[in-house]
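Colleague: here you go, sequence then predicted model.
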Amino acid sequence: MRIVFAGTPDFAATALKALIQAGHDIVGVYSQPDRPAGRGRKLVPGPVKQVALDADIPVFQPLSLKPEEAQQELAHLKPDVMIVAAYGLILPKAVLDIPTHGCLNIHASLLPRWRGAAPIHRAIAAGDSETGITIMQMDEGLDTGDMLLKVTTAIQPDDTGGSLHDRLADLGGEAIVEALDKLQKGQLSPEPQNNDEACYAHKLSKEEGHLDWQRSADELARLVRAFNPWPGTFTDLGDQRIRFHLAEAVNQDSGQAPGTVLKRERDGIDIACGSGTLRVTRVQLPGTRAQSVNDLINGGKPVLMPGQELH
């Protein structure tokens, strides 16, 4: 089949690599326009575009797929199917109707749970025990189309947003290759989503990473993992903003006010929460790199000392 692929970040690039390695005929790749990056703010191609360039696949980067000109450009590629993964642009109905078999989306959750922009992070933060990949037939709604194939993975107690992202990216590549094989054989069976079970993974904001010490230690530990490496979690000590990279919940109540540093030892810094205690094991002070608590103590700075209050 003639395949058009649409995606932008690393998650999508992994799927594109899998399709290339499986020998599929990819006649064009759509990706968002290059973004400025680094100190020089030079335009840098996204991961999907770079994979396409390396494989000599034509790349298209329209600002929108709503103009008729952009839609005609896509139609000229005569795609049998369009594969979409974290593309970042809305596909109008006119675009959805161009490929013979429509558009298939690689979504990083077990739909209908966690429709929307940030399913990986939201699943960890909510305490879900499992997640996965859903290959979905796209329609005009937000992740509302029929489900074609699902692959499940357990969320491990030490999974971060980064580790789960990478595992799901690999699963997404495997799942779309399997789905295309079944599509060619006529073996895909569309399953409608139960809208009553739907929930939304709203886009992440940096301010969400500001830890509210009134919450439970379990909630905060999940948030630290979910937002690692991006957008990160932080707390304020006076006028210093301190970032937390690794933490775990300790199920013991101290009786101290939430946000109070209880102890600072080489195995971690304990902080009182609304219920339970959060033990932080990797931190980042302003203007420095992330470091273990052991290295923080060796550095001798009187930061995160017992009795100090965080906000």
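Modeller: Structure's in. What do you need?
Colleague: mean confidence score for whichever strand or helix holds Glu248?
Modeller: Element membership of Glu248, judged by DSSP states H and E, is strand 240-250. Per-residue pLDDT values over strand 240-250 give a mean of 97.
Colleague: quick one: distance of it to the chain centre.
Modeller: Relative to the chain's own centre, strand 240-250 is displaced by 20 Å; criterion: CA atoms, centre = their mean, to the nearest Å.
Colleague: can you pull the buried residues of it?
Modeller: Under the neighbour-count criterion of 16 or more other CB atoms under 10 Å, strand 240-250 has Ile242, Arg243, Phe244, His245, Leu246, Ala247, Glu248, Ala249, Val250 buried. C-betas here are computed from N, CA, C, even on glycine.
Colleague: which one of those residues sits closest to Val303?
Modeller: Comparing the buried residues of strand 240-250 against Val303 with CB to CB picks out Ile242 as the nearest, at 7.2 Å.
Colleague: just to revisit the earlier point, how far off centre is the next helix or strand after the strand holding Glu248?
Modeller: Remark: after strand 240-250, the chain's next helix or strand is strand 261-265, criterion DSSP H and E. For strand 261-265, the distance from its own C-alpha centre to the chain's C-alpha centre is 32 Å (CA atoms, centre = their mean).
Colleague: give me the residues contacting strand 261-265.
Modeller: Under the contact criterion CB atoms under 8 Å, 6 or more residues apart in numbering, strand 261-265 has outside partners 254, 256, 269-272, 277, 293, 297, 304-310.
Colleague: ranking those residues by neighbours, who comes first?
Modeller: Neighbour counts for the contacts of strand 261-265, by other CB atoms under 10 Å, peak at Ile271, which reaches 30 neighbours.
Colleague: strand partners (parallel or antiparallel) of the least confident helix or strand in the chain by mean pLDDT?
Modeller: The helix or strand of the chain with the poorest confidence is strand 35-37; it has a mean of 86 (mean pLDDT, DSSP states H and E). Taking DSSP bridges as the criterion, strand 35-37 pairs within the sheet with strand 42-44 (antiparallel).
Colleague: what helices or strands is the helix or strand following the partner strand leaning on?
Modeller: Going down the chain from strand 42-44, the next helix or strand is helix 47-54, by DSSP H and E. The contact analysis (3 or more CB pairs under 8 Å, 6 or more residues apart in numbering; DSSP states H and E) places helix 47-54 against strand 2-7, helix 10-21, strand 25-30, strand 59-60.
Colleague: need the residues that contact the least confident helix or strand of the chain.
Modeller: Here strand 35-37 makes contact (CB under 8 Å, 6+ apart) with Lys42, Leu43, Val44, Gly46.
Colleague: by neighbour count, which of those residues wins?
Modeller: When neighbours are counted as other CB under 10 Å, the busiest of these turns out to be Gly46, with 23 neighbours.
Colleague: report the contact partners of it.
Modeller: Thr8, Pro9, Ala13, Ser31, Gln32, Asp34, Arg35.
Colleague: then Gly161?
Modeller: Neighbouring residues of Gly161 by CB under 8 Å, 6+ apart: Ile120, His121, Ile124, Arg225, Ala226, Phe227, Asn228, Pro229, Trp230.
Colleague: report the buried members of those.
Modeller: Under a neighbour-count criterion of 16+ other CB under 10 Å, the subset of those counted as buried comprises Ile120, His121, Ile124, Arg225, Ala226, Phe227, Asn228.
Colleague: could you dump these to CSV with distance to Leu171?
Modeller: Supplementary listing: the buried ones among the contacts of Gly161 in CSV, determined by distance: CB to CB, whole Å:
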residue, distance to Leu171
Ile120, 11
His121, 17
Ile124, 16
Arg225, 19
Ala226, 18
Phe227, 21
Asn228, 20
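Colleague: just checking, which of the residues you listed belong to strands?
Modeller: Taking DSSP state E as the definition of strands, these contribute nothing to them.
Colleague: which of these sits closest to Pro192?
Modeller: When the buried ones among the contacts of Gly161 are compared for distance to Pro192 (CB to CB), Ile120 comes out closest, at 24.1 Å.
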